[in-house]
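Colleague: sequence and predicted model, in that order:
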Amino acid sequence: MNKILEVKDIHFQYDKEGDVKQLDGVYFALEKGEWVSIIGKNGSGKSTTARMIDGLLEASSGSILIDGQELTVDNVWELRKKIGMVFQNPDNQFVGATVEDDVAFGMENQGVPREEMMERVDDALKQVNMLDFKKKEPARLSGGQKQRVAIAGIIALRPEIIILDEATSMLDPTGRSEIMAVIHEIKDKYKLTVLSITHDLEEAASSDRVLVMSQGKIMRDARPEALFASGDDMIEMGLDVPFSSNLMQDLDMTEEGYLTEEALIEKLLGKLK
């Protein structure tokens, strides 16, 4: 086992005097190269967990280990270089006057030599099919294009872990699908580890594992096919049931186990032949 990230018994609350804990003993670990999704209702602690890992919030107790090193106030800036975070609204990440400037910004802060920096900018934009837009103003891009640029800015930094904090929730289904395809391709090329905070169950279905959060705790840690196959369990945890699971129930196909929408379509087309 080669753990790149370990979250150990993390506790946190915004109101120190209140009774509500945003995180109440969170524990999980990610192996290098894994894609793990965290799902749960609003307020369950998903995004707070992501911000803890990125060092944006400090836990009241517990520890976070990144590539074997415990995250502390002394090394947070160094360990943060291993993590790239893509937020829900790409506009919140733009700081440059042009796409090129924006992708270069993080590397400038890290002191990457200019020649190497420009090579990385072009390579990152090429990876997300945005090289032709590098002289454009970010404000003139579509939502999907902006998110591609935000991802380019992250991969140019060469992190080991990418955290997606509802990174596709503002996109239409086509844009969402395109962005996820780009991230899967980049993950495989650079052997990245991905932690995805998402409401999209189809998105989570392509993960290696899914963590279910509720009231600041991890309630389930399972492979998506095992988790989504039981609609009753999903409802009991206050979650929606994937569309394909509902359809399979209506078609009396539950013996097939869980299938994504794409896999279900292929299965149904096969039965028609």
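Modeller: Received the coordinates, thanks. Numbering: from 1, shown residues only.
Colleague: which residues in the stretch 101-250 of the chain form helices?
Modeller: Counting by DSSP state H, counting those that start in this stretch, residue ranges of the helices within the stretch 101-250 of the chain are 114-127, 143-155, 173-190, 201-204, 224-228, 231-236, 243-250.
Colleague: angle of the second one against helix 173-190?
Modeller: Helix 143-155 and helix 173-190 meet at an angle of 20 degrees, taking axes from the mean of the first three to the mean of the last three Cα atoms, to 10 degrees as the criterion.
Colleague: helices and strands around helix 143-155, which ones?
Modeller: Packing contacts for helix 143-155, counted by 3 or more Cβ pairs under 8 Å, 6 or more residues apart in numbering; DSSP states H and E, involve strand 83-86, helix 99-109, helix 114-127, helix 173-190. Heads up, the C-betas are built off the backbone N, CA and C, glycines and all.
Colleague: mean pLDDT lowest for which of the helices of the stretch 101-250 of the chain?
Modeller: With a mean of 61, helix 231-236 has the lowest mean pLDDT of the helices of the stretch 101-250 of the chain.
Colleague: what would the helices and strands packed on helix 143-155 look like in CSV with distance to residue 37 and mean neighbour count?
Modeller: CSV is the format used below for the helices and strands packed on helix 143-155 (distance: least, Cβ to Cβ, whole Å; neighbours: other Cβ atoms under 10 Å):
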stretch, distance to residue 37, mean neighbour count
strand 83-86, 14, 23
helix 99-109, 25, 20
helix 114-127, 22, 16
helix 173-190, 11, 16
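Colleague: closest to residue 143 out of these?
Modeller: helix 173-190 (6.3 Å; Cβ to Cβ).
Colleague: pull that closest one out as PDB, backbone CA atoms only.
Modeller: The C-alpha trace of helix 173-190 is given here as PDB (Å, rounded to 0.1, in the frame of the first residue of the first chain):
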ATOM      1  CA  PRO A 173     -24.200  18.000 -19.100                       C
ATOM      2  CA  THR A 174     -22.000  18.300 -22.200                       C
ATOM      3  CA  GLY A 175     -19.500  20.600 -20.600                       C
ATOM      4  CA  ARG A 176     -19.400  18.400 -17.500                       C
ATOM      5  CA  SER A 177     -18.700  15.400 -19.600                       C
ATOM      6  CA  GLU A 178     -15.900  17.100 -21.500                       C
ATOM      7  CA  ILE A 179     -14.200  18.300 -18.300                       C
ATOM      8  CA  MET A 180     -14.400  14.900 -16.700                       C
ATOM      9  CA  ALA A 181     -12.900  13.300 -19.800                       C
ATOM     10  CA  VAL A 182     -10.000  15.800 -19.700                       C
ATOM     11  CA  ILE A 183      -9.300  15.200 -16.000                       C
ATOM     12  CA  HIS A 184      -9.400  11.400 -16.500                       C
ATOM     13  CA  GLU A 185      -6.900  11.800 -19.300                       C
ATOM     14  CA  ILE A 186      -4.600  14.000 -17.300                       C
ATOM     15  CA  LYS A 187      -4.800  11.700 -14.300                       C
ATOM     16  CA  ASP A 188      -3.700   8.700 -16.300                       C
ATOM     17  CA  LYS A 189      -0.900  10.600 -18.100                       C
ATOM     18  CA  TYR A 190       0.600  12.100 -15.000                       C
END
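Colleague: as JSON lines, the helices of the stretch 101-250 of the chain with distance to residue 102 would be great.
Modeller: Output for the helices of the stretch 101-250 of the chain, formatted as JSON lines (distance: least, Cβ to Cβ, whole Å):
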{"stretch": "helix 114-127", "distance to residue 102": "9"}
{"stretch": "helix 143-155", "distance to residue 102": "6"}
{"stretch": "helix 173-190", "distance to residue 102": "17"}
{"stretch": "helix 201-204", "distance to residue 102": "25"}
{"stretch": "helix 224-228", "distance to residue 102": "34"}
{"stretch": "helix 231-236", "distance to residue 102": "39"}
{"stretch": "helix 243-250", "distance to residue 102": "36"}
